[in-house]
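1. give me a model of this one.
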Amino acid sequence: MFFWIIIIAILMLSIGAVAKVNDIQKHLEEVDENRDETIRKLNDLYKSGLLKKSELKVKKTEHKRKIYLDQLSEHLHKLHGQGLLTDDELDEKLEQLHRIHDDHEDVVKLRQETGNEDIVCLAKDLGDEWVCVCGVKNDKTGYPINCTNCNRSQQFVFNYYAKGK
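-> Below you'll find the model as predicted:
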């Protein structure tokens, strides 16, 4: 019984983390550009003609995204420090956060192509496990193999959402 309670708690935390990560774009718009030194410097470079408008937009978005991912990492460490995440849960969430960060450009492109806003990373094969585009790590057991979070089929995800597809 205790085992199932732990499993349900882990699933709830995973779903919450994915929902939080899906808010990245919203949060990017909330960074106060007047108070952020890096944004001010980028704006100065644009005003001086050293950056094109398109370059300015990309660089601002990258900077804001890094700030937000750093904040998420801090939140995870605080939860761990409060005893709300085990060492394994913290490691898994940080790994998920790194996957999201590493795949960012490809994910943005994939979201635009598919219209699926819940895509947070590219599909990955990890041997006995696989990572769905919603960011959740799944076991490769049973048939058909569907994501425990979004219910996408593993075969579909790897056919259409893996790197190089």
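2. residue furthest from the geometric center of the chain?
-> The centre of the chain is farthest from one residue, residue 48, which by Cα atoms, centre = their mean lies 34.2 Å away.
3. in a strand, residue 138, correct?
-> Yes. Assessed by DSSP: H, G, I helix; E, B strand; the rest coil, residue 138 belongs to a strand.
4. residues in contact with it?
-> Listed by Cβ atoms under 8 Å, 6 or more residues apart in numbering, the contact partners of residue 138 are 129-132, 145, 147-148, 154. Bear in mind the C-beta positions are built from the backbone N, C-alpha and C, glycine included.
5. does it have beta-bridge partners, and which?
-> Counting by DSSP bridges, residue 138 forms beta bridges with residue 130.
6. tell me the confidence at residue 44?
-> Predicted confidence (pLDDT) for residue 44: 92.
7. in which helix or strand does it reside?
-> In this assignment (DSSP states H and E), residue 44 forms part of helix 37-47.
8. could you do residue 70 as well?
-> Residue 70 is part of helix 53-81, with elements assigned from DSSP H and E.
9. list the buried residues in that helix.
-> 56, 59-60, 63-65, 67-69, 72-73, 76, 79-80 (16 or more other Cβ atoms under 10 Å).
10. stretch 94-113 too?
-> By 16+ other Cβ under 10 Å, the buried positions in stretch 94-113 come out as 94, 96-97, 99-101, 103-104, 106-107, 110-111.
11. how about stretch 136-153?
-> For stretch 136-153, by 16+ other Cβ under 10 Å, it's 136-138, 145-147, 149-150, 152.
12. so how far is it off the chain centroid?
-> Its chain's C-alpha centre and that of stretch 136-153 lie 18 Å apart, by Cα atoms, centre = their mean, to the nearest Å.
13. start the count at 415, not 1, going forward
-> Got it, the first residue is 415 from now on, which makes the last one we talked about stretch 550-567.
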